[in-house]
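Asks: missing the sequence, but the structure's below:
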């Protein structure tokens with residue numbers, strides 16, 4: 001028999017990458033509502049203006065009035081200095097009475113979907129993409145786990161924002177599919193190695209975001225491009241808020257198998 005769902009995420013340190021817009025911004029808003037007073041959100045992205053506007057919004061919200069601290073870190077996660085600045089800010093925001101550390105690996109890019117796999121012969125181009133979308137997730141996760149080791153009375157949760165592309169090939173999406181599949185296996189290995197850690201790969205579904213606009217306009221393969229255009233035309237795209245609510249439900253119920261891939265349509 002499963003235990004009853006929690007009503008909050010605890011007094012938490014929440015680190016969210018790619019939090020300035022889209023799904024990451026929705027996660028920041030929802031987590032700010034679900035953490036206890038005395039919690040801290042470390043929000044990271046490359047866009048300073050979008051981060052600042054989110055910080056101001058949260059400061060004026062009920063969470064801000066309840067004393068939830070919001071820290072913004074303008075950082076490129078594909079660079080060592082960017083990762084180091086996120087970890088430093090997280091250390092500064094952490095207090096000993098926090099009972100939950102959450103890391104949301106959300107930052108990602110679609111890559112060049114206007115070309116097919118056989119065109120990617122430039123190793124530097126591929127390495128640059130994988131640095132942002134794969135290497136950064138492993139290195140940031142490892143750094144956070146080293147900085148906040150397991151201790152009695154404290155939960156640790158690592159969330160990987162994944163995609164159907166981690167499981168199925170999409171023509172002309174070789175970079176994105178490769179990165180999502182690699183990240184998924186990375187976090188499955190982590191779940192095996194760290195039994196005290198809660199690990200979740202959450203697939204938020206087809207979201208109405210700038211990435212979807214890019215997919216509809218730039219995808220080389222006509223059938224893939226048409227499928228995205230049809231979803232948009234038929235109103236089948238999901239809002240970030242609706243998908244984020246399902247993610248929060250999973251985190252509060254906390255009944256998922258650690259390391260699992262869970263799609264929004266399975267919640």
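Replies: Sure thing, it's come through. Here the structure is a predicted model, which means the values were calculated and not measured.

Asks: Every contact and neighbour count from this point should use C-alpha atoms.
Replies: Noted.

Asks: All the strands of this protein, residue numbers only.
Replies: 12-17, 40-45, 69-74, 100-105, 155-161, 198-203, 260-263 (DSSP state E).

Asks: Rebuild the ones you listed as JSON lines, extending it with distance to residue 218 and mean pLDDT.
Replies: Shown next, in JSON lines, are the strands of the chain (distance: least, CA to CA, whole Å; pLDDT from 0 to 100):
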{"stretch": "strand 12-17", "distance to residue 218": "25", "mean pLDDT": "98"}
{"stretch": "strand 40-45", "distance to residue 218": "24", "mean pLDDT": "96"}
{"stretch": "strand 69-74", "distance to residue 218": "28", "mean pLDDT": "96"}
{"stretch": "strand 100-105", "distance to residue 218": "25", "mean pLDDT": "98"}
{"stretch": "strand 155-161", "distance to residue 218": "22", "mean pLDDT": "98"}
{"stretch": "strand 198-203", "distance to residue 218": "22", "mean pLDDT": "98"}
{"stretch": "strand 260-263", "distance to residue 218": "25", "mean pLDDT": "98"}
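
Asks: export the ones you listed to CSV and tack on distance to residue 236 and mean neighbour count?
Replies: Output for the strands of the chain, formatted as CSV (distance: least, CA to CA, whole Å; neighbours: other CA atoms under 10 Å):
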stretch, distance to residue 236, mean neighbour count
strand 12-17, 26, 26
strand 40-45, 28, 26
strand 69-74, 33, 20
strand 100-105, 25, 22
strand 155-161, 20, 21
strand 198-203, 16, 24
strand 260-263, 16, 19
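
Asks: Take these and lay them out in CSV including distance to residue 246.
Replies: As requested, the strands of the chain are exported to CSV (distance: least, CA to CA, whole Å):
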stretch, distance to residue 246
strand 12-17, 17
strand 40-45, 20
strand 69-74, 23
strand 100-105, 15
strand 155-161, 13
strand 198-203, 10
strand 260-263, 10
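
Asks: Ok, which of those comes nearest residue 212?
Replies: Closest to residue 212 of those is strand 198-203 (CA to CA; 14.6 Å).

Asks: Output the contacting helices and strands for the closest one.
Replies: strand 155-161, helix 174-193, strand 260-263 (3 or more CA pairs under 8 Å, 6 or more residues apart in numbering; DSSP states H and E).

Asks: and it with helix 174-193, angle?
Replies: Using axes from the mean of the first three to the mean of the last three CA atoms, to 10 degrees, the direction of strand 198-203 lies 160 degrees away from that of helix 174-193.

Asks: who's in contact with strand 198-203?
Replies: For strand 198-203, the surrounding residues in contact (CA atoms under 8 Å, 6 or more residues apart in numbering) are 156-164, 184, 187-188, 190-191, 247, 256, 258-264.

Asks: repeat for stretch 229-239
Replies: Contacts for stretch 229-239 (CA under 8 Å, 6+ apart): 205, 206, 207, 208, 216.

Asks: dump the residue contacts of residue 48.
Replies: Neighbours of residue 48 in contact, by CA under 8 Å, 6+ apart: residue 74.

Asks: name the helices or strands packed onto the lowest-mean-pLDDT helix or strand in the chain?
Replies: Lowest on mean pLDDT, DSSP states H and E among the helices and strands of the chain sits helix 62-65, with a mean of 80. The contact analysis (3+ CA pairs under 8 Å, 6+ apart) places helix 62-65 against helix 22-34.

Asks: same for the helix it packs on, what does it pack against?
Replies: Judged by 3+ CA pairs under 8 Å, 6+ apart, helix 22-34 is in contact with strand 12-17, strand 40-45, helix 48-59, helix 62-65, helix 240-253.
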